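S.K.: Task: produce atomic coordinates for the following.
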Amino acid sequence: MILFFFGPNDYLVSRKVYELKQRYLEKAGGDFNFLTLDGATLVPQDYLRQIMAMPLLSSSRLIVVENILKNKNKEVLEMVKNSLDKVSSSTVVLFVQKGDFDRRLGLFRALNRPKIAQEFKSIEPYKMPRFVTEEVEEKGGKIEKDAANLLSEFVGDDLWRLSNEIDKLLSFTGGIITSSDVETLVVKNITSNIFAMIDDLSRDLKGGALKHLDALLKSNEPPLRILSLINFQFRSIAQIKEAMEASSNQFAISKTTKLSPFQISKSFSLAKKFSFSRLSQVYSEIVRVDFEIKTGKIEDAEGLRDLVLAV
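M.R.: So this is what the prediction gives:
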């Protein structure tokens, strides 16, 4: 039997693999017939021997082949593709592929078939609060709607951190998570601090915006990452402003822009404050600062301060 788990969502891929492995080990009574192979350095002879071997003291075997599509040897990829029908009927071979890869590869096309393949995509921002709620319920707890929105904002798309934060919150609260719990126990991520900086800029509070920027720089965040996230926030504001021309309904805007309802509610007023002409000016300044930093014409921290003062 062949299975194929793949996609950019490393957290969900890893969890699915763990769940399958635990079910197998429980049924098999141990890991004697369990094996993990590194697909990137796969040895053809070893692979063929393993997939055709019969289980010992058990009715089945489970072989996990990790990141085979990262293997640079085209002959190995072709060998694996041609041997898919040679897998013993008592063996399950699970191919696990995380991150990006070349989807034009023949092996990918051979594996990416119904009932065999399962893709784990990144979670779109507007779906994150619901995902948070489901994760909390999966762990036996409950979370208020506003708290789920807030936790989504604080953690962003880091699902590994989200899982750890939920464990911490449930341990502290005893099972029911409120907004106050999130505010008290979870450290805001960089996105929240950038939003506060842009909020100050919308009110022409340059001093406050510079204080937020200095705090970000002191937290050892790479300046180019800060610049990238500033660009993302302004792009989101522009998307919301454009969507507002068709509808003022925030749920409809969330569907159109693929941004979370919580992010829409927070950025809605900012979209009203920033005109299209000012947003165009901001984009021009971001491009200029990005170019000057990357070409060494200006120090990165100085460039970010210059950007804040220019917008």
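S.K.: what's the average pLDDT for stretch 111-120?
M.R.: Stretch 111-120 shows a mean pLDDT of 94.
S.K.: Would you mind measuring the gap between the ends of it?
M.R.: With CA to CA, to the nearest Å as the measure, stretch 111-120 spans 15 Å from end to end.
S.K.: What of stretch 170-177?
M.R.: Termini of stretch 170-177 sit 7 Å apart (CA to CA).
S.K.: show me the contacts for the residue nearest the centre of the chain.
M.R.: In the chain, the centroid-proximal residue (CA atoms, centre = their mean) is Asp157; its distance is 4.4 Å. Applying CB atoms under 8 Å, 6 or more residues apart in numbering to Asp157 gives the contacts 122-123, 125, 128. Where you see a C-beta, it was placed from the backbone N, CA and C, and this is true even at glycine.
S.K.: The residue of the chain positioned farthest from its centre: what secondary structure?
M.R.: Here the centre of the chain is the reference, and by CA atoms, centre = their mean the most remote residue is Leu57, at 40.6 Å. Here Leu57 is recorded as coil under DSSP: H, G, I helix; E, B strand; the rest coil.
S.K.: which ones are touching it?
M.R.: Going by CB under 8 Å, 6+ apart, Leu57 touches 32-33.
S.K.: oh, and call the first residue 423 from now on, that's how I've got it
M.R.: In the new count, where the first residue is 423, that last one comes out as Leu479.
S.K.: hang on, the earlier thing: just the contacts of Asp579: which has the poorest pLDDT?
M.R.: pLDDT across these is lowest for Pro547, at 78.
S.K.: what pLDDT does the spatially closest residue to it that is not a sequence neighbour get?
M.R.: The shortest distance from Pro547 to any residue other than its chain neighbours is 4.4 Å, reached at Ser682 (CB to CB, 6 or more residues apart in numbering). If you check Ser682, the pLDDT there is 71.
S.K.: One more: Val711?
M.R.: Model confidence at Val711, given as pLDDT, is 93.
S.K.: pretty sure it contacts Leu731?
M.R.: No: look at Val711 against Leu731 with CB atoms under 8 Å: they stay out of range, at 10.9 Å.
S.K.: Looking at these two, which is more packed in?
M.R.: Set side by side, Val711 and Leu731 give different neighbour counts by other CB atoms under 10 Å, the larger being at Val711 (25 against 12).
S.K.: Enumerate every residue touching that one.
M.R.: Val711 neighbours (CB under 8 Å, 6+ apart): 649, 720, 725-726, 728-729.
S.K.: Reformat the residues you listed as a markdown table; add pLDDT.
M.R.: Compiled in a markdown table, the contacts of Val711 are given as follows (pLDDT from 0 to 100):
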| residue | pLDDT |
| --- | --- |
| Leu649 | 91 |
| Ile720 | 92 |
| Gly725 | 92 |
| Leu726 | 93 |
| Asp728 | 92 |
| Leu729 | 92 |
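S.K.: Among those, which one sits closest to Ser510?
M.R.: Leu649 (53.4 Å; CB to CB).
S.K.: how far away is that closest one from Ser702?
M.R.: Distance from Leu649 to Ser702, counting by CB to CB, to the nearest Å: 18 Å.
S.K.: Pick out whichever of the two has more residues nearby.
M.R.: Between Leu649 and Ser702, Leu649 has the larger neighbour count (other CB under 10 Å), namely 19 against 12.
S.K.: I'd guess that one is in a helix, am I close?
M.R.: Yes: per three-state DSSP, Leu649 lies within a helix segment.
S.K.: where does Arg727 land on pLDDT?
M.R.: Note on Arg727: pLDDT of 92.
S.K.: pretty sure it belongs to a helix, no?
M.R.: Yes: counting by three-state DSSP, Arg727 is part of a helix.
S.K.: Check the model's average confidence along the strand or helix carrying Ala570 for me.
M.R.: Using DSSP states H and E, Ala570 maps to helix 567-577. Averaged across helix 567-577, the pLDDT comes to 89.
S.K.: which residues touch it?
M.R.: For helix 567-577, contacts defined as CB under 8 Å, 6+ apart pick out 547, 550-555, 558, 565, 583-584, 587-588, 591, 599-601, 603-605, 608-611, 613-614, 682-685, 688.
S.K.: Now do the same for Ser515: helix, strand or coil?
M.R.: One correction, residue 515 is Val, not Ser. Per three-state DSSP, Val515 ends up strand.
S.K.: from what I can see it touches Val509, true?
M.R.: Yes: assessed by CB under 8 Å, Val515 is found in contact with Val509 at 5.3 Å.
S.K.: Neighbour count: those two, which is higher?
M.R.: Val515 (23 against 17).
S.K.: how close does that one sit to Gly528?
M.R.: For Val515, the distance to Gly528 - CB to CB - is 17 Å.
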